[in-house]
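Student: Provide a 3D model corresponding to the input given below.
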Amino acid sequence: MNKSRFLLKSFSFLLLACLCLFTVTTSVNAASNKNIYNDIMKSYEAAIEAKDAINKRAESLNQVIAAFSDLEITLDNADSIPAQVAAWHADLEQARNNFETAYNENWPIINAYQEDLEQYNLSGYAPEGNITVGFSNDNFNVTDFLAEIEQTAVENTSSALSYGKYYAAYNEFVAAFETYTTGWQPNNPGDPANDFNNVWKPTINSIYEMNFAPLDYTDQELKAMYSTEEYEQFIETYETKGSDVLDKVSVYTDYLVSLSNTFATAKDTFESKLNDFNAETGSSLVFKRNADYLIIGSESALEGLQKAYEFNVDVLKTSIKGGSRSVYDHLSYLGQIRYAGVVSGQRNIEKIVAPEYTAIQFSDSIPMIEVYKPLVVETIEPPVTEGTPPGSATTVLPTTGSNHVELLISGTALIAFSALALMVIKNKK
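Tutor: This is a model prediction of the structure:
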């Protein structure tokens, strides 16, 4: 009887111990499952923050790249082009540095999430159909992309500056032509009162045209003059005023020659810059010069007035005025010459071209990174271990490192112990 009681107590204690062990291991397993869930979600959330940090800087860089097309690389903005390009390039450098820093600091976090995801999928706890790749852009090569951006930026800024220099040269040449044109047309800086046409030519041509106002004589005065002395006084007046005119025309000619030479230098300068532009951009613009006759015209005017003056003085001095004729009548019978030429420069500017600037297109913008959420469940069914018979409950305790404790409690064994205990109790009764 004592032996039966002993056996009964033993079986009861064993049954209780088994039930406790099952309860404990089941609780440990649930806690472990919870840890696995928390670990993968923490890794995912860290990857989300890393992704946002990279995308923020990527978006800024994309905006700077796109802003290049907003630069005003035009003829009207030639003077501001260097400053525009410099400001854009500074923004690009800053945005690129910020992106590289964000990428280098945060991409390892996203990679770590990918590694955690792979371990999670291998653990046997991940639900069926879980993602295998945790992020997008796995084929995006940031180094190659940044190198391409740099190359395109260099080409665009270089060509933009070349266009800026050409546009500036174009504008300078147009301004030079305007200065040149204003410089020889009537009432120019060299002859603001237009004395060439109003005083100087009329003085030399006064006898031929019988207009003696430039010599400070009226027709009535000359008609009243008969004596040789009065005639000689008229000749002296013509000589004096004519000589003074020639001195002034000579100074004016020097001015016009200098004006023409300055414009010729402007042509040389523009043609040189046009050739530089062609070399830098691969363009084939041609500068065809128009003829400038200002030097020839001004020197011919001085020469023509000089000859007319000398001829008229010679005729006046060699002709004998009859005593019965007035100075006016005598002058009307003399054979005089005049200068009828005009001084004129180049009237039309050369046909020059200001081509429109076209930037090289940047490659596609940096794609935004996406991070994918893993499939998880709060209560994870333990994986079935190969060789475990159906109907058995298997509890797996995953741990960090290489240690892994697996406690198996057979449900069949528990039932056998319970049945044996009941049989002993029944026999006791």
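
Student: ok, the closest residue in space to residue 295 that isn't next to it in sequence - contacts?
Tutor: Counting by CB to CB, 6 or more residues apart in numbering, residue 260 is the residue found nearest to residue 295 once chain neighbours are left out, at 4.7 Å. The way it works is simple: take the backbone N, C-alpha and C, and place the C-beta from them, glycine included. By CB atoms under 8 Å, 6 or more residues apart in numbering, residue 260 lies in contact with 180, 292, 294-295, 298, 345.

Student: Give the full set of residues in contact with the most centrally placed residue in the chain.
Tutor: What sits nearest the mean C-alpha location of the chain, by CA atoms, centre = their mean, is residue 68, with 4.0 Å. Shown in contact with residue 68 (CB under 8 Å, 6+ apart): 88, 153, 156, 359, 362.

Student: For it, give me phi and psi.
Tutor: The phi/psi pair for residue 68 (degrees, to the nearest 10) reads phi -60, psi -40.

Student: Tell me the spacing between it and residue 117.
Tutor: 39 Å (CB to CB, to the nearest Å).

Student: same question, residue 374
Tutor: 6 Å.

Student: what sits in contact with each of the two?
Tutor: Common contact partners of residue 374 and residue 117 (CB under 8 Å, 6+ apart): 40, 131, 134.

Student: Does the second one belong to a helix, a strand or coil?
Tutor: In other words, residue 131. coil (DSSP: H, G, I helix; E, B strand; the rest coil).

Student: where in this protein is pLDDT low?
Tutor: In the prediction, the chain carries residues with pLDDT under 70 at positions 1-33, 138, 378-429.

Student: Separate out the buried members of the shared contacts of residue 374 and residue 117.
Tutor: 40, 134 (16 or more other CB atoms under 10 Å).

Student: nearest to residue 185, of the shared contacts of residue 374 and residue 117?
Tutor: The shortest approach to residue 185 among these belongs to residue 134, at 78.1 Å (CB to CB).

Student: Can you list phi and psi of the closest one for me?
Tutor: Torsion angles, degrees, to the nearest 10, at residue 134: phi -90, psi 0.

Student: wait, what's in contact with it?
Tutor: 44, 47, 110, 113-114, 117, 371-372, 374.

Student: Output those residues in a markdown table; the columns should cover secondary structure, distance to residue 349 and neighbour count.
Tutor: Formatted as a markdown table, the contacts of residue 134 follow (DSSP: H, G, I helix; E, B strand; the rest coil; distance: CB to CB, whole Å; neighbours: other CB atoms under 10 Å):
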| residue | secondary structure | distance to residue 349 | neighbour count |
| --- | --- | --- | --- |
| 44 | helix | 70 | 19 |
| 47 | helix | 65 | 25 |
| 110 | helix | 62 | 23 |
| 113 | helix | 67 | 25 |
| 114 | helix | 67 | 17 |
| 117 | helix | 71 | 23 |
| 371 | strand | 63 | 20 |
| 372 | coil | 66 | 15 |
| 374 | coil | 73 | 20 |
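
Student: For the residues you listed, name the two members farthest from one another.
Tutor: 110 and 374 (13.5 Å).

Student: Report the separation between residue 115 and residue 130.
Tutor: In terms of CB to CB, residue 115 sits 15 Å off from residue 130.

Student: which one of these two has more residues nearby?
Tutor: The neighbour comparison of residue 115 against residue 130 (other CB atoms under 10 Å) goes to residue 130, with 14 against 11.

Student: Let me know whether that one touches residue 122 as I believe.
Tutor: No. Using CB atoms under 8 Å, residue 130 is not in contact with residue 122, being 10.9 Å away.

Student: Tell me, how many residues neighbour the residue nearest to residue 59 when sequence neighbours are not counted?
Tutor: Nearest residue to residue 59 in three dimensions, chain neighbours excluded: residue 368, at 7.3 Å (CB to CB, 6+ apart). Other residues within reach of residue 368, judged by other CB under 10 Å, total 15.

Student: Residue 358 now?
Tutor: If you count neighbours by other CB under 10 Å, residue 358 ends up with 9.

Student: for it, helix, strand, or coil?
Tutor: coil.

Student: For residue 106, see how far away residue 79 is.
Tutor: Taken as CB to CB, the span from residue 79 to residue 106 is 43 Å.

Student: So between the two, which is more surrounded?
Tutor: Just comparing residue 79 and residue 106: by other CB under 10 Å the higher neighbour count belongs to residue 106, 21 against 11.
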